[in-house]
Structure formats: structure tokens, C-alpha cells
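# Here is a sequence with its predicted model. Questions after.
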Amino acid sequence: MGSLIRTVLGWGGSLTGVLLFVALWEWGSLAYGSFLLPGPRDALASLLTFAGNDQLWAAVWATTWRAMSGFAIAALAGVGLGLLAGLSHTLGRALEPISTVLLGIPPIAWIVLALLWFGSGSLAAIYTVVATTVPVAFAGAQIGARTLDARLQEMADVYLVPWPMRLWDFYLPHIVSYVFPALITALGVAWKVTVMAELFATEDGVGAGMAMARVSLDTAGAMAWIVVIVVLLLVAEHGLLRPLQKKIEPWRQARGPMPPQ
């Protein structure tokens, strides 16, 4: 019962934030005019138009596939290299400058290079996502592995704790507490970079739809595509990463009522 109440309250808080944002959006539309800032109803009308001619679903599928493919590759590579760099001081010193350089290169530069190397198409978008999100996943995993509690390791040595138990009960919870926030950040970056790459490198997807809206001066259509991106990001985060985090980190669940003193 307590868990259900917490869930309802959590959704209520999120819904309040969404309603507040929509209200501010509507106020901005009334203040600056529907051409500069179309209101929520204008964006919804454009969204329904896209859905009616099947343009919406094709774009959603194309963008989702590119963003999640690049994110999955970046997560595996970044977390793997980050763990190795955190456990090995020499390897960490060798890889840290590379990660810093990758973080410092703006996404638009990666898009230009991807176009020169791979041409227009999905590969350019996926490569750009990987190049921009690998350093984020790498940094989270490296910090998690580097900050393992030495006293906990000594205790495991003293009591001859088997390695599978050490990995699952001691090391993994600590590392995951750093990796998941990094992955959530990387996921947001992946969606933004995918749309940016599609603006220049593809003929389909949400980014391509925004490019067409720009050419035709369809501000309401551009806002509709932005809403689509936000919804996709929220679905990916709260439908994939957050539930996975709760499964792996059960100790982070809200505590029950305090016992009487």
C-alpha cells in the first residue's frame, strides 16, 4: 500500500510539472504570437496531421533505431573501457586525455566528419551518437571503479569472500551508482545528437521532419517534432533505464515510515 501511494504521489508530482510547463508554453504563445511560438493546441494539431499521413510513425521508428543503436554501442564500449581505466591506473592515465578530447569536440564537428567519412544515411547519425556519448559513459564507469572502498576489499580478503559474491554484492552496487546517472545523461545526449545529425545527414527521421518544417516556415510543425523528441526521451528513460536501475539498485527505493522512538 505504501509503495502504491509513493508511486501515485510521484506521478502526481511529474504531472504537476508537465501541466506547469504547458501553462507557461501557452502563456508564451499568447504573449509572442502563434507564428513565433505556436501554442500546445497548434503543435497537437500538427502532430495529428503527421500521424494521419503515417509520417510520424516512420520518423519515430527511424530516429529511435538510430538513437538507441548508437547509445547501446556507446554504453557497452564506454562502460567497459571505463571499468578497465578505473581498475588500472596506467590505462586510466592513457585514456583520460582521449576522453577529454572527445568531450571537447562539438557534435556538429562529428556530424561533418561523419558525412565526409560515411556519406549521408543512418551510419553517419549512429557514428555521431557513439562519438559524443562514449566519453560520458566512460567517465561514469571510471569514477565508479576508481572509488571502490579499499576497506571493503580488505574485509572481503580477510573473510575469504568468493569473487562472484564480491562482484555482485560489493563492487557492482557501488559502480552502478555512478554508471546509471552517466547513462541517463548519455541517453539525453544521444537523442539530441541523433536529431541534429538527421537534420544534415538523412532524409527521414524526426530531424529530417524538422528540416522540412524549417524550409516551409512551419513553426507549429517544428514544435510538434520537438514534443515527439521529448516524449521519446521520457519513454526511453522511464520505460527502460529507470526500471532497470530499480531492479539493480533495490536499496535506493524510498524507505518506509520511521519506527516509533
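That came in fine, so what should we check first? Numbers count the residues shown, from 1 in each chain.
# Next up, phi/psi of Thr147, please.
As for Thr147, its main-chain torsions (degrees, to the nearest 10) stand at phi -100, psi 20.
# In contact with it, which residues are there?
Taking C-beta atoms under 8 Å, 6 or more residues apart in numbering as the definition of contact, the neighbours of Thr147 are 174, 178. Any C-beta I mention is one placed from the backbone N, CA and C, and that applies to glycine too.
# same thing but 10 Å
By C-beta atoms under 10 Å, 6 or more residues apart in numbering, Thr147 lies in contact with 86, 174-175, 177-178.
# For those, pick the one with the most neighbours.
Each of the contacts of Thr147 was scored by neighbour count (other C-beta atoms under 10 Å); the top score is that of Ile175, with 24 neighbours.
# I'd assumed Asp149 was in contact with it.
No. Here Ile175 does not reach Asp149: they are 11.5 Å apart, not a contact under C-beta atoms under 10 Å.
# Which residue ranges of the stretch 51-200 of the chain form helices?
Read by DSSP state H, counting those that start in this stretch, the stretch 51-200 of the chain holds these helices, from start to end of the chain: 55-87, 89-104, 107-118, 122-146, 150-158, 163-165, 172-201.
# could those helices go into TSV alongside distance to Gly33?
What follows is the helices of the stretch 51-200 of the chain, written out as TSV (distance: least, C-beta to C-beta, whole Å):
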stretch	distance to Gly33
helix 55-87	26
helix 89-104	39
helix 107-118	30
helix 122-146	34
helix 150-158	60
helix 163-165	63
helix 172-201	25
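# what's the closest of those helices to Gly209?
Gly209 lies closest to helix 55-87 among the helices of the stretch 51-200 of the chain, at 5.1 Å (C-beta to C-beta).
# and the closest one, what does it pack onto?
In terms of contact count using 3 or more C-beta pairs under 10 Å, 6 or more residues apart in numbering; DSSP states H and E, helix 55-87 is assigned the packing partners helix 40-52, helix 89-104, helix 122-146, helix 172-201, helix 206-215, helix 219-236.
# The fourth one relative to helix 55-87, how many degrees between them?
Spelled out, it's helix 172-201. 140 degrees (axes from the mean of the first three to the mean of the last three C-alpha atoms, to 10 degrees).
# Now do helix 172-201 against helix 122-146, angle only.
On the basis of the same axes, to 10 degrees, helix 172-201 is oriented at 160 degrees to helix 122-146.
# Spatially nearest residue to Trp65, not counting backbone neighbours?
Using C-beta to C-beta, 6 or more residues apart in numbering and skipping the chain neighbours, the partner closest in space to Trp65 is Ser122 (7.6 Å).
# Touching, the one you found and Arg66? I think so.
Yes. Look at Ser122 against Arg66 with C-beta under 10 Å: they come within range, at 5.6 Å.
# Between these two, which is the more surrounded one?
Each of Ser122 and Arg66 has its neighbours counted (other C-beta under 10 Å); Arg66 has more, 31 against 20.
# quick one: the more buried one and Leu199, what's the gap?
Taking C-beta to C-beta, to the nearest Å as the criterion, Arg66 is separated from Leu199 by 13 Å.
# How about Ala74?
The span separating Ala74 from Leu199 equals 20 Å under the rule C-beta to C-beta.
# Equivalent analysis for Tyr178, please.
Distance, Tyr178 to Leu199, using C-beta to C-beta: 33 Å.
# cool, and Leu15?
The span separating Leu15 from Leu199 equals 32 Å under the rule C-beta to C-beta.
# which of these two has more neighbours?
Using other C-beta under 10 Å, the more surrounded residue of Leu15 and Leu199 is Leu199, with 19 against 10.
# Disregarding flanking residues, what is the spatial nearest neighbour of that one?
Excluding its sequence neighbours, the residue lying closest to Leu199 (C-beta to C-beta, 6+ apart) is Gly207, at 4.4 Å.
# Now for that neighbour, how many residues are close by?
Residues within reach of Gly207, counting by other C-beta under 10 Å, total 26.
# Could you do the one 4 residues further on as well?
Close neighbours of Ala211, defined as other C-beta under 10 Å, add up to 19.
# if we can go back for a sec, joint contacts of Arg66 and Leu199?
Going by C-beta under 10 Å, 6+ apart, residues that sit against Arg66 and also against Leu199 are 125, 205-207.
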